[in-house]
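Engineer: Following is a predicted model, sequence given first.
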Amino acid sequence: MSNTTTLQHKSRNQAEGSISRFMERHYRHFNALTLRDAALSYRDHINKGGKMFLAMAGAMSTAELGISLAEMIRQDKIHAICCTGANLEEDVFNLVANQTYVKIPEYRNLSPAQERELLERGYNRVTDTGIPQDVMFHIEDRLKRRWREAEKTGTLKFPHEFFYDLLLSGELTAHYQIDPENSWLLAAAQKRLPIYVPGWEDSTLGNVYAATCMKKELKPGSIRGGIEYLMHLAE
């Protein structure tokens, strides 16, 4: 092990120790105690060789959960994930376009006119964050090529596997706008982590796939769907 790697592991262990000590000292009652007990149970479960299956709803990728989740994946503390189609694609959007996002601090109080103004400026709002539509088109074009090739060769894949292929190809490397260490989907791709995305069609790129099929540019069966996801999970 190199000196740099040794120092990184030492720093990581010290950080984990300090967080644990902080929780032991301060998280004594109510929800804080519940959180501490859950963390201890999680640690014991992993240390005994157990596996952790993460269910992730909402738009946690845009909330930048990858900052912590990617490292958990690398450390083998997460072994499979079930997430929304939004979380799948939004981690990639964040990876290549984070610096062009806009913050919307008063998002709860936006008027219809303000919502329209955001849309006309080319942003899709995800809670307090405006994601530029350009990044969606950027990723859409690259995925469409893969969808067509899969249909042509008869090599059908799950939705997340197309993202894995895109990330591992290196095509996006020049476009990174955050540290790739903070992309949970990239970490998952490198581990070939099983991911389950029920209802993937109800996402931005799922809508794109459906629209492409409606235009007769693809056939609906060219991507493996929810039934096969569930069968895979059961197996």
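Structural biologist: Cool, got the structure.

Engineer: May I have the residues that are in contact with D76?
Structural biologist: When contacts are counted by Cβ atoms under 8 Å, 6 or more residues apart in numbering, D76 touches I46. Backbone N, C-alpha and C define where each C-beta goes, glycine included.

Engineer: pLDDT below threshold where in this protein?
Structural biologist: 1-16 (pLDDT under 70).

Engineer: can you pull out the helices in it?
Structural biologist: Using DSSP state H, the helices of the chain run over 3-26, 30-47, 66-74, 85-97, 112-120, 133-153, 159-169, 184-191, 204-214, 226-234.

Engineer: so which of those helices gets nearest A59?
Structural biologist: Closest approach to A59 among the helices of the chain is made by helix 85-97 (5.5 Å; Cβ to Cβ).

Engineer: Just to check, R148 is in contact with L218?
Structural biologist: Yes - using Cβ atoms under 8 Å, R148 is in contact with L218, at 6.8 Å.

Engineer: more crowded one of those two?
Structural biologist: L218 (19 against 14; other Cβ atoms under 10 Å).

Engineer: so who does that one touch?
Structural biologist: Taking Cβ under 8 Å, 6+ apart, one finds 147-148, 151, 209, 212 in contact with L218.

Engineer: can you tell me how far the nearest residue to it once chain neighbours are set aside sits from I73?
Structural biologist: Counting by Cβ to Cβ, 6 or more residues apart in numbering, L218 lies nearest to T212, which is 4.9 Å off, once chain neighbours are set aside. Distance check for T212 against I73: by Cβ to Cβ, to the nearest Å, it reads 31 Å.

Engineer: Repeat that for I195.
Structural biologist: The spacing between I195 and I73, counted by Cβ to Cβ, is 11 Å.

Engineer: what sits in contact with each of these two?
Structural biologist: By Cβ under 8 Å, 6+ apart, I195 and I73 have these common neighbours: A188.

Engineer: related to what we said a few turns ago, just give the number of residues close to the residue nearest to L218.
Structural biologist: Neighbours of T212 (other Cβ under 10 Å): 19.

Engineer: ok, now L40?
Structural biologist: By the criterion of other Cβ under 10 Å, L40 has 13 neighbours.

Engineer: Repeat that for F30.
Structural biologist: When neighbours are counted by other Cβ under 10 Å, F30 registers 8.

Engineer: do D202 as well
Structural biologist: For D202, the neighbour count with other Cβ under 10 Å is 12.

Engineer: Is it in contact with G85, as I believe?
Structural biologist: Yes - the criterion here is Cβ under 8 Å, and D202 meets it with G85 at 6.2 Å.

Engineer: thinking again about what came up before, kindly indicate which of the contacts of L218 lies nearest I227.
Structural biologist: Ranked by distance to I227 (Cβ to Cβ), these are led by Y209 at 16.5 Å.
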